[in-house]
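**Student:** sequence and predicted structure, then a few things I'm wondering about:
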Amino acid sequence: MTALPDPDSGIKKLNGAIYRALVEKLNKRDAWRRLASSLPLPILNEESLEQKPCPATTILNALDDRLWKVKNLRSLLLRCELYDAAAVLSEPKPLSIEVQPGEGEDNDVYVPFGGELRLEIIAKGVPPPRYLWYCENEELTDQRTSILRIGDFGLQHVGEYKCLVYQDCSDGHYQEYSVPVNVMMLPEPPVIQEQPESKTVNIGEEVVISCKAVSYPPPTYEWMRDNTVLVDQNGPVLKIPHASLSHSGIYKCSVSNGYNVKVTEPVKLSVIECSQEPTREMPIVTEKVALLIANVEYANLQDLCTPYNDVKALSHVLMDLGFKVLSLCNLTLVEMINAMKTFCKLIPEGAYTIFYFAGHGFELHDKYMLPVECPTSDMYRRSDSLCERHVIKEVLARKPNLLLLMLDMCLKVPKREENPGMHDELVAPIVFEPQRNLIQAYATTSSLGAYERKTETNGIYMKHLLKYLSINEPIVNILNKVIESAAKEAIDAVNEQMPSLFSNVVCERHYLSVPAEENLQTKQLFDELTSVQKTSIIRFDQIRLTTPHQIRLYQDCFHNGIEIHLKDLDEWSIGCEIQSTELEMQLKIDKGVKILTILNLQKLKPPILDMTIELRDKRGTLVDNAWFEIGQIPIVSANLWFSPPVEVDQNEEGSVLSF
């Protein structure tokens, strides 16, 4: 048996058999390349080494000339994960697990919801052991160290964990599994997210009363009427198919997860005898149009989470109600003003109109919506934002039957010490003529904020608005229900956000569900602004490949963004080029379909958009490219980018810029 070398000896003093074995291991499968790449020596670059008869010998000689010792070389080989070569210089040590994961905890580990799971295993051996973790026998490909870490722990992470520890030695592959660890979530007491609501129904009608709760383990439900448990009503929704007078009473629900119990607020169910509803006077509605704006990605303010989802959900509800909906996202001030003016062109006299804005905002005498390019919070002015009264004035000038204006934004007043320039700014008043056709709904109240939770799909206001928007009741009644529902929010929001409402309409006359007479001029202009969906093919001539593509609105909603769905390109990586620096491109893969997203189309000046797509193989080599014409982008015709000459209005208070 050949003795192991002295770790403090020079490399050239290695035993001949050991030196030859080391050279053989480094030349095998070009392992020397990894060693050379870790050494910042110009003479050891790959190109020059490839010209040498034996690259490994050249590297070892260069290290010896620099007085490297055997122990230094062995450490470098281990760091480069060249374990076969390192084993020539080390005495192999068999694999052994010194400390098992979860040791001392009876192999049961409890992690709180949202916390961090941390498991550690300690193993020894030469070559150094490597690690691969499993959960429920499924490989965790991103967990390859001795310490497993999983943040934001949730139900999907509960299960049996174990670690595979293995060695790749010159004489074979050795492996050993750790002792399994059962990882469970700490019980979380029930939290009632949505309280049941009182109802009044006619005899024979269906009753549906619901609540929503979360806990771990998952909650069970038990409904009670007048403190008597109701048999077979053991879910989050209580249903009575045909109500009778005997069903009237006080209802509540007990929610339990086996560790804790919470009871909902009591609600009253009133069952009454049917009465003849008087025929209501319905207005004549010439058209139903809506403009929805989601400002999410701000240059100088914190980005928001939910406005995309809020506008998407609202647009779908309004379309189901017969509205022609124009949805836009991430607009500058000029673009917001031009979008409003374009929207006004869609409004015939006698129309129902809705304007909705989700984004940052503030209040100082009036309410102001902030565009995405506004300055920082200590520098922006009212002149950097769009005033609510500006929108009202422009829309009411079209003489609609109704304007429902909804602002889903903060209404806090900027503090003078934080933004003195805003308080000293002179702003001309915007005057409009009231017409008894205005409803103003706000996500909050003056001096308060409007909030969103990262754990929820929609903002707080939109979450409650979506519950009621489709019901066949007067609009004002719906918005009052939203206010009542939001008042039952969790403690973190109920006193911080209070939706509010102003209306000068005759309540009973205005229903969102009222049918509209379609206006041909509005239909033609709306189609010109919004019709982008189409399907065609892209041809890659060199590889004789044709692939279908479908163009859709961004998130099936926003008219200033498109998604190009590319099929049959699984084996290629793709690159795209558009002759415009103002557009933003994103690429993702969903269920095997490559989706190219193009945003900020409102900034495009030529109406025709074309692009080049490159195909590359797995090595990154260009295989083919294809040019294709996306075609005319409808929203471009609105010229939202156009900044008109600025007029200066003189008044007694000073000079004020106006659009």
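**Tutor:** Received it, and whenever you're ready, just let me know what you need.
**Student:** tell me who's in contact with the residue nearest in space to the middle of the chain.
**Tutor:** What sits nearest the mean C-alpha location of the chain, by C-alpha atoms, centre = their mean, is Cys305, with 6.3 Å. Listed by C-beta atoms under 8 Å, 6 or more residues apart in numbering, the contact set of Cys305 reads Val296, Glu452, Lys454. C-betas here are computed from N, CA, C, even on glycine.
**Student:** shouldn't it be within a strand?
**Tutor:** No - secondary structure of Cys305 (DSSP: H, G, I helix; E, B strand; the rest coil): coil, not part of a strand.
**Student:** for it, what are phi and psi?
**Tutor:** When read as degrees, to the nearest 10, the backbone of Cys305 gives phi -100, psi -40.
**Student:** please apply the same query to Leu77.
**Tutor:** phi -60, psi -40.
**Student:** would you agree Glu388 is in contact with Met369?
**Tutor:** Yes - the criterion here is C-beta atoms under 8 Å, and Glu388 meets it with Met369 at 7.2 Å.
**Student:** residues shared between the contacts of those two?
**Tutor:** With C-beta under 8 Å, 6+ apart, Glu388 and Met369 have common neighbours Leu407.
**Student:** compare the two (neighbour count), which wins?
**Tutor:** A side-by-side neighbour count of Glu388 and Met369, using other C-beta atoms under 10 Å, places Met369 first with 24 against 21.
**Student:** show me the contacts for that one.
**Tutor:** Contacts of Met369 (C-beta under 8 Å, 6+ apart): 293, 295, 336, 357, 359-361, 385-388, 407, 409.
**Student:** can you flag which of the contacts of Cys305 belong to helices?
**Tutor:** Secondary structure assignment (DSSP state H) places none of those within helices.
**Student:** of those residues, closest to Asn61?
**Tutor:** Asn61 lies nearest to Lys454 out of those, by C-beta to C-beta, at 58.6 Å.
**Student:** now name the helix or strand holding the closest residue in space to Asp556 that isn't next to it in sequence.
**Tutor:** Spatial nearest neighbour of Asp556, excluding adjacent residues (C-beta to C-beta, 6 or more residues apart in numbering): Lys312 at 7.3 Å. For Lys312, the host element (DSSP states H and E) is helix 307-320.
**Student:** contacts for that helix?
**Tutor:** 290, 292-296, 325, 327, 329, 354, 356, 358-359, 408, 457-459, 462, 465-466, 469-470, 512, 555-558.
**Student:** pLDDT of that helix, averaged?
**Tutor:** The average pLDDT within helix 307-320 is 94.
**Student:** one more: stretch 494-504?
**Tutor:** So the average pLDDT for stretch 494-504 ends up being 88.
**Student:** contacts for it?
**Tutor:** 434, 436-446, 448-451, 460-461, 464, 476, 479-480, 482-483, 486-489.
**Student:** 6 Å - rerun?
**Tutor:** With contact meaning C-beta atoms under 6 Å, 6 or more residues apart in numbering, stretch 494-504 is reached by 436, 438-445, 448, 450-451, 460-461, 476, 479, 482-483, 486.
**Student:** likewise for stretch 590-608?
**Tutor:** For stretch 590-608, using C-beta under 6 Å, 6+ apart, the contacting residues are 335, 560-567, 569-570, 576, 582-588, 632-633, 635-636, 640-641.
**Student:** out of those residues, which sit inside helices?
**Tutor:** Counting by DSSP H, the part of those found in helices is Glu335.
**Student:** in ChimeraX, select just the buried ones from the contacts of stretch 590-608.
**Tutor:** Burial among those is assessed by 16 or more other C-beta atoms under 10 Å; the matching ChimeraX selection reads:
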select :335,560,561,562,563,564,566,569,583,633,635,636,640,641
